[in-house]
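>>> Here you go, sequence then predicted model.
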Amino acid sequence: MTPLSSFPERLKSGTPQLTAWCGLPDPAVPALLAREGFDAVTIDMQHGAIDFAATVRAIPLIAAAGKPAIVRVPVAEFATASRLLDAGAASIIAPMINTVEDARRFAAFTKFPPLGERSWGPHGGLALSGLDPKSYFAGANGFSVAFAMVETREALAIVDDILAVDGIDAIFIGPSDLSIALSGGASLDPASREVEAAMDHAIARARAAGKFIGVYAASGERAAQLAAKGFDLIALGSDSALLRAGAQAALRQVRQGTSGATGAY
Ligand code: 3PY
Ligand code: MG
């Protein structure tokens, strides 16, 4: 099994899969982070500056490190989801899935008939799956994991209906947008009491539906708390946040005159 075809098994392992989260516009960044201890690497085309061609170049670099490549597509760009699966993405995260119709359309573009309407043409996926075309066709609906993001009040209210859509394999909580929505636009607080309660509810509903659930964590400390809650996939910070945190930590050490530089480069 390759990182592409084994992603659902990895999600079932009982150990939360930790994914890097990359938006910087160069495939070298996800390629670099894929060589760290992450279980997967996600490319964020919704808020990141990385474009389609760079994402397609990053996918085999992530796979070469033995990691599944996940891509978050921009809002409502379901056709892009199909094209990224063609390129060899193991999984797609679609933001702002707020209606059952959104979920159905997302599933249609990520699954082949009879489940969906994905068109044949997996130029990169075929090679990365290690499968012949007939076997790829037979298996792709099972191993291409579709995550519908639940990050609004509307989505939360119909989470069972989203989970019930055939072809939706998983939901993914966006705690920042959810906090904005649940506070009626009053605050950004991804660890608010309301968000915590919404997460607990969503985890219980995903478990009841027999589907996976993922979440974004801004720090390692937060990721550990969310792992304890039982999420299957946890995004750990972003490439730009890790870069800034590393720079700030190094500068703090120098300015405070402390020693302890690791020399690890
Ligand atoms: C959110 O927290 O809203 C997200 O989309 C995670 O990046
Ligand atoms: Mg969001």
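Nice, thanks for sending it over. Residues are numbered from 1 along each chain as shown. Ligands and ions are numbered 1, 2, ... in the order given.
>>> Report the closest residue of the stretch 101-250 of the chain relative to ligand 1.
Closest approach of the stretch 101-250 of the chain to ligand 1 (C-beta to the nearest ligand atom) occurs at Gly174, with a separation of 2.8 Å. All C-beta atoms are positioned from the backbone trio N, CA, C, and that covers glycine.
>>> hmm, I was thinking of the stretch 1-150 of the chain
Counting by C-beta to the nearest ligand atom, the stretch 1-150 of the chain gets nearest to ligand 1 through Pro95 (6.0 Å).
>>> So what pairs up with the residue lying closest to that residue once chain neighbours are set aside in the strands?
Leaving aside its sequence neighbours, Pro95 sits nearest to Met149 (C-beta to C-beta, 6 or more residues apart in numbering; 4.6 Å). In this entry, Met149 is beta-bridged to Phe172, by DSSP bridges.
>>> dump the residue contacts of Met149.
Shown in contact with Met149 (C-beta atoms under 8 Å, 6 or more residues apart in numbering): Ile93, Ala94, Pro95, Met96, Ile97, Ala155, Ile171, Phe172, Ile173, Gly174.
>>> follow-up on the earlier one: show the contacting residues for the closest residue to the residue of the stretch 101-250 of the chain closest to ligand 1 other than its chain neighbours.
Distances taken as C-beta to C-beta, 6+ apart put Glu151 closest to Gly174, at 3.2 Å, once the chain neighbours are dropped. Contact analysis of Glu151 by C-beta under 8 Å, 6+ apart lists Pro95, Met96, Ile173, Gly174, Pro175, Ser176, Asp177, Leu178, Ala181.
>>> List the contacts of the fourth one.
What it means is Gly174. Gly174 touches Pro95, Met149, Val150, Glu151, Tyr216, counting by C-beta under 8 Å, 6+ apart.
>>> one step back: buried ones only from the contacts of Glu151, please, as a ChimeraX command.
To isolate the buried ones among the contacts of Glu151 in ChimeraX, judged by 16 or more other C-beta atoms under 10 Å, type:
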select :95,96,173,174,175,177,178,181
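>>> Tell me which entries of the contacts of Glu151 lie within strands.
Ile173 (DSSP state E).
>>> Ligand 2 versus Ala81, what's the distance?
Distance, Ala81 to ligand 2, by C-beta to the ion, to the nearest Å: 16 Å.
>>> what's the spacing between Leu128 and Gly184?
44 Å (C-beta to C-beta, to the nearest Å).
>>> more neighbours, the two?
Higher neighbour count among Leu128 and Gly184: Leu128, with 24 against 8, using other C-beta atoms under 10 Å.
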